[in-house]
Each structure stands twice: as structure tokens, then as C-alpha cells.
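*Asks:* Sequence and predicted structure below; questions after.
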Amino acid sequence: MTDSDSDHKIESEDAALFREITRDVRPLNKDNRADTYSQRARSEHIKDSFSELSLSEEHSSIIATDKNDPLLEMVQPEERLFYLRGELPGSTLKKFKRGDLCSRDELDLHGLNSVEAARELASFIRFALHNGVRCFRLIHGKGTRSADKLPILKSMVNMWLRHHGSVLAFCSARQRDGGSGALYVLLKRPDI
């Protein structure tokens with residue numbers, strides 16, 4: 001018997017054993033399958049899907065502005081931000097502030113101008129609501145590398161999120177997640 005005959009016999013025996021072991025196995029019903037879509041892949045899918053989304057009236061409440069807008073309250077690069085619309089149970093609020101509620105979903109606005117950042121943020125929030133993502137990390141940076149050393153994007157994000165009807169809360173991230181250059185954002189449950 002040659003090596004190839006021996007390999008073929010083993011493969012044949014393995015196949016027979018596999019068929020024997022799995023003979024009673026049936027495919028799961030579509031509704032009874034585990035969601036094995038990894039968080040990282042999900043986050044990448046969200047980023048890739050921006051161009052496919054059209055903003056609805058309901059979720060397009062993020063308006064681009066500039067640093068001269070009288071409504072824009074400038075914040076400091078190291079300033080820690082916090083906003084809460086309504087109330088959250090104490091234990092939920094603690095978990096939120098620690099970043100324990102957030103998935104791996106994130107949006108990085110570094111390098112974008114205000115118009116691009118507003119569009120990306122509105123799209124991300126819309127997609128998150130549509131796909132059941134309630135909490136995510138938003139990276140805006142501290143603004144220390146901007147031409148005038150002002151945290152313009154951070155200040156704009158602070159204003160946009162406070163005025164977006166789907167945002168329940170946001171707070172500066174823990175140091176390991178970006179500190180004062182990032183936020184945890186908690187969205188309201190979508191109305192069904």
C-alpha cells in the first residue's frame with residue numbers, strides 16, 4: 001500500500017466516522033442561532049456602512065458649526081465632560097462612567113473637519129440605534145495639535161451630543177480608553 005492509498009483510507013475512515021457522529025444533527029432554526037458576529041467586526045461594519053446610510057429628519061439633528069458660532073461653548077483640552085438627560089439608576093450610572101456598558105463599537109473623528117465630523121457622528125448614531133448599539137466610545141481628541149491649540153472638535157461634539165434627541169448621556173472616558181480625548185456615549189432605547 002502506498003502513502004497516498006494510506007492517506008485516502010484514513011480520510012475515508014475519518015469521513016465515515018464524522019458522518020456517524022453527526023447523523024442526528026440538524027441545522028438550527030434561523031431564529032435559534034447565536035450571534036457570533038464579533039464586536040470588532042461589528043464596529044468595522046458600522047464604519048464601512050456610513051456611505052450607505054441616508055440621514056432621516058429624526059436623526060440628523062447634528063448641525064455643523066465653526067469656532068465663531070456664538071452658541072459654541074469652548075471647553076478645555078483636559079476638561080472632563082459629563083451630561084445626563086433625565087435620570088439613570090445609580091448602579092447603571094456608575095457602570096456607564098466606568099465604561100462597563102460600552103461595547104467595542106467606536107467612532108474616531110480625528111482629522112475630520114466640522115462638516116465631516118457632524119456627518120459621521122449623525123450616521124453613526126443612526127446606525128447604532130438601528131442595530132441595537134446603546135453605548136459606544138467616541139474619540140474626538142483634545143485639540144492640542146490644532147493650529148490655534150483650541151479643542152474645537154471636542155467643543156463641537158459636546159454641543160452636538162447635548163442637542164441630539166437620541167443621546168441619553170455622555171461622559172469623558174477612563175484614561176485607558178482615551179481620557180479627556182474620548183467619550184462614552186449612551187443612547188436612548190429606540191421607540192418601537
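*Replies:* That came in fine, so what should we check first? Numbers count the residues shown, from 1 in each chain.

*Asks:* And for the spatially most central residue of the chain, nearest residue in space, chain neighbours not counted?
*Replies:* Closest residue to the average C-alpha location of the chain: residue 105 at 2.8 Å, with C-alpha atoms, centre = their mean. What sits nearest to residue 105 in space, not counting adjacent residues and going by C-beta to C-beta, 6 or more residues apart in numbering, is residue 136, at 4.2 Å. In this view, the C-beta of every residue, glycine as well, is placed from N, C-alpha and C.

*Asks:* show me where pLDDT drops low in this structure?
*Replies:* For the chain, applying pLDDT under 70 flags the ranges 1-10, 30-66, 191-192.

*Asks:* hmm, back to that, wait, doesn't the residue nearest to the centre of the chain sit right on residue 139?
*Replies:* No. Assessed by C-beta atoms under 8 Å, residue 105 is found out of contact with residue 139, at 11.8 Å.

*Asks:* circling back to that earlier point, doesn't the residue nearest to residue 105 belong to a helix?
*Replies:* No. Looking at residue 136 with DSSP: H, G, I helix; E, B strand; the rest coil, it is strand, so not inside a helix.

*Asks:* Identify the residues contacting it.
*Replies:* 102, 103, 105, 106, 107, 124, 128, 184, 185 (C-beta atoms under 8 Å, 6 or more residues apart in numbering).

*Asks:* same check, this time on residue 171
*Replies:* Applying C-beta under 8 Å, 6+ apart, the residues near residue 171 are 80, 81, 82, 83, 96, 97, 183, 184.

*Asks:* Among the contacts of residue 136, which one lies nearest to residue 15?
*Replies:* Closest to residue 15 out of the contacts of residue 136 is residue 103 (40.4 Å), distances taken as C-beta to C-beta.

*Asks:* Could you tell me how far that closest one is located from residue 174?
*Replies:* Separation of residue 103 from residue 174 (C-beta to C-beta, to the nearest Å): 15 Å.
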